Each structure stands twice: as structure tokens, then as C-alpha cells.
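1. Here is a sequence with its predicted model. Questions after.
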Amino acid sequence: MDASAIQQLLTDGIPLARFIGLQVDEVGPGMVRLHIPFTPNMQNHLGTAYAGGIFSLAELAGGVLLLSSFDPAQNLMLARRLEIEYLQPGRGTLSCAPRLPDDLVAETRATIAQQGKADLSLPIEVMDADGEVVARVQATYYLRRQSVIHQDAG
């Protein structure tokens, strides 16, 4: 999927992404770049970025990253666990550009082929307009072969 297709998918399928103004800037194999503009929808009572918006940017970036490397027609992909550490107040446009190394993709695909499912852990950082890290996330996503889901349902 390219950036515009993923943007449309998020805009149509996840109302929160539309509400916070999430923008998909770039998508490639094992890499994505997303941002959220600093608007009233993203502000907290202190005039800085709302913590839930920062978390949402990181979680959505992880999901888009999986779409860049795994076929959603063949794999169910869900967030299993995300742990966030807020480092400093977020001000201005926030961005996220996580990467997924080829060897981790290959290892995860092999595990899914053998076991029908896999957990994939990756670090995600959220940065402000000056490139300063405002939050670090350790995310774990659950991937499962779609054919296994259909067999379990029957």
C-alpha cells in the first residue's frame, strides 16, 4: 500500500485519526513517517500536546509500519501492548518515523509460517517540530495468519 491508500484507510476507518489530523507522509518497505499538526484537537489544558494524542500517533505509526511489511489480506495485525514514557511536553507538529529491519520481518514471517502467529516488538519515538524526542514507546503487535482465524471460527 502506498501513503495515499493508507491515508484513506485511516481517514475512513479510524475516526480518531481524522479527528487529530493524522497525516501519512511516507511509506516504504520497513519504514513510515507520519505527523500530527498542533491544533486545538491535540492540546491539553496546559497548551501542550495531549498525552492521548501522542500515544495515538505512536500506536498508529506502528500499525502503518506493519502494513508496509505484512499483507493485511494474509495477516491479522493487532496492538497487543504499548508502554509509553513521556519525556517532555510536546509542542508544535509531532512526528513519528519508526523502522522495521528486514531481518525482523523475515524472522516474524518465518514464525507465522511455522506457528500461525507471532508477536513483534519494536521501539517507536515521537518527536516535536525541532526533532526532540517527546516520548518513547515500546510496542508489541500480534500477527496471525488469516487462514488460522477462519479455521478457528469454524
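-> Structure received. Because the structure is predicted, anything quoted here is derived from the model rather than measured.
2. from here on, contacts and neighbour counts on C-alpha atoms
-> Noted.
3. can you give me the helices in this structure?
-> Applying DSSP state H to the chain gives helices spanning 3-13, 15-19, 51-69, 102-115, 146-153.
4. who wins for proximity to P123 among those?
-> Closest to P123 of these, according to Cα to Cα: helix 51-69, at 8.9 Å.
5. ok and that closest one relative to helix 3-13, angle-wise?
-> For helix 51-69 against helix 3-13, the angle by axes from the mean of the first three to the mean of the last three Cα atoms, to 10 degrees is 130 degrees.
6. quick one: contacts of helix 51-69?
-> Helix 51-69 is contacted by residues 1, 6, 20, 22, 27-36, 42, 44, 77-79, 82, 84, 90, 94-100, 105, 124-126, 135, 137, 139 when judged by Cα atoms under 8 Å, 6 or more residues apart in numbering.
7. What mean pLDDT does it get?
-> In this model, helix 51-69 has a mean pLDDT of 94.
8. How about stretch 92-101?
-> pLDDT averaged over stretch 92-101 gives 96.
9. who's E83 bridged to?
-> Note on E83: beta-bridge partners Q138, judged by DSSP bridges.
10. since we're on it, how many residues are nearby?
-> Other residues lying near E83 total 11 when counted by other Cα atoms under 10 Å.
11. What separation is there between it and V126?
-> From E83 across to V126, the span is 13 Å (Cα to Cα, to the nearest Å).
12. same thing with T140?
-> Taking Cα to Cα, one finds T140 at 16 Å from V126.
13. More neighbours: these two, which one.
-> More neighbours surround V126 than the other of T140 and V126, with 26 against 19 (other Cα under 10 Å).
14. which residues pair with the more buried one across the strands?
-> For V126, the beta-bridge assignment (DSSP bridges) gives partners C96, A135.
15. surely it meets T93?
-> No. Using Cα atoms under 8 Å, V126 is not in contact with T93; the gap is 10.3 Å.
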